Each structure stands twice: as C-alpha cells, then as structure tokens.
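> I'll drop the sequence and a predicted model, then ask my questions.
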Amino acid sequence: MNAVKVTLGFLELALALKFLSNADLAKGWRILDREVFIAAWIVIFVLLGIYLLGKLKFHHDDELPKNDFGQPYVSVKRLLFAMASLIFAVYMVPGLWGAPLKGISAFVPPMGTQDFNASAVSSSSSIYGTANPQHDGPPHPEKYYDQMKIYEPEVVTKYGMVTYFDYKEALEVARKLKKPLMLDFTGINCVNCRKMEGQVWRDPEVMQRLKEDFVIVSLYVDVHKIELLQSEHYFSKVLDKQVETLGDKNADLQVTKFGANTQPYYFFLDANENRLMEEGYGYDPDIQKFINLLDKAKQEYKNRKE
C-alpha cells in the first residue's frame, strides 16, 4: 500500500509542475520553459521507475517479497509499471532538443519557450524544408510580438508559419496580400488549443494551406500581463468590466462579434470583415474535417472576389 501512495506522490508532483507551468506562462516568469519542464518530468519518471524496481527506498517502505531462495524480487505488475515509467522518460528526452512529443504536446509548455531548438528552420522555408520562390510570405508580426512570441507553437517556431497577435494588424496584412483572415481564439493554458496546434496544424496538408492561403491571427483571451494603452480602455457590457488588457480585449471581441466564448474557436473573414462561413469551428482534431474547412473558406473567399 505504501508503494501505491509513493507512486501517486510522484504523479502528483508531475501534475503540480503542470499547474505551476500554467501560472508561469500566464505571468511570463520563464521559470519552467519547455526544456526545463521536460527535464523535470524526465527526472520524476526516472526516479519513479527506479523506485518501482526497489532501488530507491523511503522511510515507511516495506521490504520486497522474497522468493523460495530468500532473494528479494519485483512482482510482474510492479516491473511493468517501472518499465512504463522509464519508457515514458526516455520518450521525452528528444523534447530537450525541440522534438514535438505529439503524445504530450498539449501538456508541455509551447515551443516558443524552448531556448534551443535543433530542428528550427527559417520562416522563408516551406513545410518540407525547401524555399518556395513563388510564394511571398507575410510580413513579420510587430504588435505584441516581443511579449507573445514565447507562446508560438511548433508550426511557427520550426516550420516557419507566421501568426499575428493583433486583430487589426492581421486584417491589414490580409487585405494587402488578398488572403482570407483566420481568427484563432485561443488561450495560454488551453489544453485543446495545444492539441489542435500539435496534432492538426502540424499535419503537412493543413500546414501548407495555412501558410500559403491564409493570414492567421492568434487571439489569446487569457493574456492579462499585457496592458492596453490608456486610450484603448473601454467598458464591455458583455464582460461587465473595464477592458484594460489584451486578453480582455480579445475575449470581448470573441463574445461580442462572434457569439462564442470557448477555445479553441476559428472564424474566417474576408477583407470587409464579413464571415466567409456563418458558423465557427470549435475543437475537433479530425484532420480531414479541418482540411475541408480550409478549402471551403478559401473557395468562398475566391467566389466573393470574383
């Protein structure tokens, strides 16, 4: 029974780091950047594996059972749990150098917090790592970029996709490039948002469409460390509060203009800020459905131009 308690203690410690990571991201402390968080989890699960093998002892632990020859042994069940813990730890090791770790991508900090990414490529590269001379990429984001770049997902930091953080800036770029605008209402601590970015956006066909056919603005509704200018403050009837931060501004936009308040949620607009499709698209990790959605939005934008 004590072994069960200790095992749960290790798991609680790992989950506690996850909650601390959420606070770290929200406050921008940069204590648990991606590689630090992964390193901490690796240590925790290695120690758990060693403990389950009986090589690490705590004060209240019982002695391992002994076989017919008086030798201590590890039960098959305990051995399997130890193997699972150690295998999980080994699986996370490549993440220290920027591997995506798709299995846990929703739980680790975003790729933008990774100080060293061995597989990063320039923004002028295509999703397959080669330059595309016929495609002029969008201009580099400016507004809020310095504060928000740590939240960029792998498709941005590694594969060169560009996302903006200000609605008006992205709208002007979309008009200039004559492309539809994709609004990505998201959150710093939104697990489903990270799943969409890590499992759906990262798909080569999805990524190619997003890079070449759309201008994307990621509107974080829970960023409260970025204060708006005094002249930009206003009272929101929907939120019933004074809007003073970037997160409040984005949340008010989502609820007031689009009638939604969950994340992730995607909407597509033309140059006149009219919806290309009346209904938005919420969390659904079906890659083919998302591809169909992008193709439909692109076709509708083309039809309106004609």
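Happy to help now that I have it.

> which pLDDT value belongs to D240?
pLDDT recorded at D240 is 93.

> and if you look at G98?
At G98, the model reports a pLDDT of 88.

> the strands in the protein, which residues?
For the chain, the strands defined by DSSP state E occupy 163-164, 181-186, 215-220, 234-236, 241-243, 265-269.

> dump the residue contacts of the residue lying closest to H140 once chain neighbours are set aside.
Distances taken as Cβ to Cβ, 6 or more residues apart in numbering place V162 nearest to H140, at 7.3 Å, with adjacent residues excluded. Bear in mind the C-beta positions are built from the backbone N, C-alpha and C, glycine included. For V162, the contacting residues are 123, 137-138, 140-141, 156, 211, 216, by Cβ atoms under 8 Å, 6 or more residues apart in numbering.

> what subset of those residues is buried?
Buried by 16 or more other Cβ atoms under 10 Å: 137-138, 141, 156, 211, 216, out of those.

> mind checking which of those residues are in helices?
156, 211 (DSSP state H).

> need the max-distance pair from the buried ones among the contacts of V162.
P141 and K211 (14.4 Å; Cβ to Cβ).

> what distance do you get for the residue most central in space within the chain to P110?
Taking Cα atoms, centre = their mean as the criterion, R194 is the residue nearest the geometric centre of the chain, at 3.1 Å. According to Cβ to Cβ, to the nearest Å, R194 and P110 sit 7 Å apart.

> common neighbours of those two, please.
Here R194 and P110 share the contacting residues P153, scored by Cβ under 8 Å, 6+ apart.

> tell me which residues are up against stretch 45-60.
With Cβ under 8 Å, 6+ apart as the criterion, stretch 45-60 contacts 2-3, 6-7, 10-11, 14, 64, 72, 74, 78-79, 81-83, 85-86, 88-89, 92.

> the same query, at a cut-off of 7 Å, please.
Contacts to stretch 45-60, defined as Cβ atoms under 7 Å, 6 or more residues apart in numbering, come from residues 2, 6-7, 10, 64, 72, 74, 78, 81-82, 85-86, 88-89.

> that one: which residues count as buried?
Buried residues in stretch 45-60, defined by neighbour count with 16+ other Cβ under 10 Å: 45-49, 51-54.

> look at it and report the distance between its end residues.
Distance between the boundary residues of stretch 45-60 (Cα to Cα, to the nearest Å) amounts to 20 Å.

> what is the mean pLDDT for that stretch?
Mean per-residue pLDDT for stretch 45-60: 92.

> residue contacts, G187?
With Cβ under 7 Å, 6+ apart, G187 has these contacts: 193, 220-222, 263.

> who wins on neighbours among the residues you listed?
Tallying neighbours with other Cβ atoms under 10 Å puts Q263 at the head of these, with 26 neighbours.

> so that residue touches T186, yeah?
Yes: with contact defined as Cβ atoms under 7 Å, Q263 counts as touching T186 (5.3 Å).

> now list whatever residues contact both of these two.
With Cβ under 7 Å, 6+ apart, Q263 and T186 have common neighbours C193.

> what's the separation between F214 and L269?
Look at F214 and L269: by Cβ to Cβ, they are 10 Å apart.

> ok so, going back, relative to V238, which of the buried residues of stretch 45-60 is nearest.
Nearest to V238 among the buried residues of stretch 45-60 is F45, at 43.8 Å by Cβ to Cβ.

> burial of the nearest residue to that closest one once chain neighbours are set aside, as a residue count?
Computed as Cβ to Cβ, 6+ apart, the closest residue to F45 that is not its neighbour in sequence is A89, at 4.1 Å. For A89, the count of nearby residues is 18 (other Cβ under 10 Å).

> same thing with I226?
16.

> what's the answer for K305, then?
K305 is flanked by 10 other residues according to other Cβ under 10 Å.

> quick check: the residue lying closest to it once chain neighbours are set aside vs A106, distance?
Leaving aside its sequence neighbours, K305 sits nearest to K178 (Cβ to Cβ, 6+ apart; 7.4 Å). To A106, K178 is 34 Å away according to Cβ to Cβ.

> between the two, who's got more neighbours?
Remark: of K178 and A106, A106 carries more neighbours, 17 against 10, as counted by other Cβ under 10 Å.

> am I right that that one is in contact with C190?
No: contact between A106 and C190 fails when scored by Cβ under 7 Å: they sit 8.9 Å apart.
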